[in-house]
Structure formats: C-alpha cells, structure tokens
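> Need coordinates for the below:
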Amino acid sequence: MKFKQHDAQNQRIERITSNHLVVGIDIAKETQVARAVTYRGIELGKPCSFKNDDVGYQKLLSWVKSLQKQHNKTGVIIGMEPTGHYWFNLAWWLLEVLK
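Numbers count the residues shown, from 1 in each chain. The predicted model follows:
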C-alpha cells in the first residue's frame, strides 16, 4: 500500500496541540513580519516586524518567548513563505537556536 502525501500532512497537523504557539513569517528582502496564532487560528499579540539580520532574529526570538510565557505555550511551530533565497539565513538560524 502506498503512503500518500496528504496522509503525512494530516499526521503533522494532528500533532499540533493547544500547547503550541504557531508562528507564520512573511519573508521579504529586508524586513520580515511574523504573526502568532493558537492551534485554532486565534491571533495572539501584535505582529512582529524584524530585519533580516542577527539583531532582527534576536527580536523575533524574544517576541516568541514572550508570547509563549504570556499565553502558557510550551511548544512553538514556525512556518515561513520561502521567498527567493531570503529565508535561508533565518531558517538555519532558527534550526540552531530552537534545537
């Protein structure tokens, strides 16, 4: 029996719980914008704009950790729009920091 792609996607979605903070990031050349929601899509806090550099990444991390603490979330799921090559540095940085 073949494993279908939508089965894998459904399994990943089912792992998201009420303990997760879900962060979506819109990638741009210079300034990114992140929004945080609950697993049900309810927005938490205000959007976070940050630059595509180490200072901006630290701002994003502080914002995420603040929202996690404020809303008692133990996990975080981050997704981003992979626009061009601008997302690579942020993605690699997040992989290192959120291990």
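> Nearest the middle, which residue of the protein would you pick?
Centroid-nearest residue in the chain, with Cα atoms, centre = their mean: Ile78, separated by 1.9 Å.
> in what helix or strand does that residue lie?
Assessed by DSSP states H and E, Ile78 sits inside strand 75-80.
> cool, and Asp7?
If you go by DSSP H and E, Asp7 is part of helix 5-14.
> packing partners for that helix?
Packed against helix 5-14, as judged by 3 or more Cβ pairs under 8 Å, 6 or more residues apart in numbering; DSSP states H and E, are no other helices or strands. From N, CA and C alone the C-beta is placed, and that goes for glycine too.
> Measure how that helix sits relative to strand 75-80, angle-wise.
With axes from the mean of the first three to the mean of the last three Cα atoms, to 10 degrees defining the directions, helix 5-14 sits at 130 degrees from strand 75-80.
> which element is Ser62 on?
Assigned by DSSP H and E, Ser62 belongs to helix 54-70.
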